[in-house]
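**Student:** Here is my input; please provide its structure:
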Amino acid sequence: NKYDNFNSMIVSICEKPYGKFDEKIDNVIDYLEKSSIVVKLNNKLFGTSIFTSNCLFIYIILYTSVSLFDGREREDSTLNTMKCIFPIPFVLYLIVLAMACDAVEKSGQRVIKTCYLLVEELKDAEKKEQFRLLARYAEQWCPVFSAAGFYDINQSCLTSIFSAILTYFVIIIQFNMVLSDQ
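**Tutor:** Sure, this is the predicted structure:
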């Protein structure tokens, strides 16, 4: 994760006083800007694909859930087992994608936090101002991955997706219970 490297670069700037301080800060700002451009390009190029695949995978998970409780083929345990196993890769994809994007976002937040902590610790007013500037740039360019602009991909979207799936799953079970009573 590139943002963890930024964090260690920032800390090393303060620990190793030799070299041009302003030049080192400018290098970090340049790297942050380039990384921000990469995140924006990623959102632009893959955001629609991610959104479409997420929708498709959620549909597959819901469809297999409905077919599991549709009342037909209850005797065929192999088919029911396959219906339970089939959505697992799709669930894993959603989890891995959300956790990876969330890790990058949290690393970007750690860079900002490190800058502000260094502002509090430093005595030199000029260095403090440089780190404030770096923190503002880091806030502006904080990495956030998006699914075509509809929602940010992080842990909170994972919670929303699975709560919606579970809600529909409960509705399916309730409808199945009502239909089996008739």
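**Student:** Any regions of the chain where pLDDT drops low?
**Tutor:** Residue ranges of the chain with pLDDT under 70: 1, 17-19, 69-76, 182.
**Student:** Run through the strands of it in chain order.
**Tutor:** Assigned by DSSP state E, the chain shows no strands.
**Student:** where exactly do the helices run in it?
**Tutor:** Assigned by DSSP state H, the helices in the chain fall at 2-15, 21-68, 77-85, 88-121, 125-140, 155-181.
**Student:** can you tell which of the ones you listed is closest to residue 149?
**Tutor:** helix 21-68 (6.6 Å; C-beta to C-beta). From N, CA and C alone the C-beta is placed, and that goes for glycine too.
**Student:** so what does the closest one touch, helix or strand wise?
**Tutor:** Applying 3 or more C-beta pairs under 8 Å, 6 or more residues apart in numbering; DSSP states H and E, we find helix 21-68 packed against helix 2-15, helix 77-85, helix 88-121, helix 125-140, helix 155-181.
**Student:** tell me the angle of it relative to helix 77-85?
**Tutor:** Interaxial angle of helix 21-68 relative to helix 77-85 (axes from the mean of the first three to the mean of the last three C-alpha atoms, to 10 degrees): 150 degrees.
**Student:** Off-centre distance for helix 21-68?
**Tutor:** Relative to its chain's centre, helix 21-68 lies at 7 Å (C-alpha atoms, centre = their mean, to the nearest Å).
**Student:** cool, and stretch 114-129?
**Tutor:** 30 Å.
**Student:** And for stretch 145-165?
**Tutor:** Using C-alpha atoms, centre = their mean, the distance between the centre of stretch 145-165 and that of its chain works out at 8 Å.
**Student:** would you turn the helices and strands packed on helix 21-68 into JSON lines with distance to residue 61?
**Tutor:** Converted to JSON lines, the helices and strands packed on helix 21-68 look like this (distance: least, C-beta to C-beta, whole Å):
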{"stretch": "helix 2-15", "distance to residue 61": "31"}
{"stretch": "helix 77-85", "distance to residue 61": "11"}
{"stretch": "helix 88-121", "distance to residue 61": "6"}
{"stretch": "helix 125-140", "distance to residue 61": "36"}
{"stretch": "helix 155-181", "distance to residue 61": "6"}
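**Student:** Let's have the ones you listed in a markdown table, adding distance to residue 65 and mean neighbour count.
**Tutor:** As requested, the helices and strands packed on helix 21-68 are arranged in a markdown table below (distance: least, C-beta to C-beta, whole Å; neighbours: other C-beta atoms under 10 Å):
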| stretch | distance to residue 65 | mean neighbour count |
| --- | --- | --- |
| helix 2-15 | 37 | 16 |
| helix 77-85 | 8 | 12 |
| helix 88-121 | 11 | 17 |
| helix 125-140 | 41 | 17 |
| helix 155-181 | 5 | 13 |
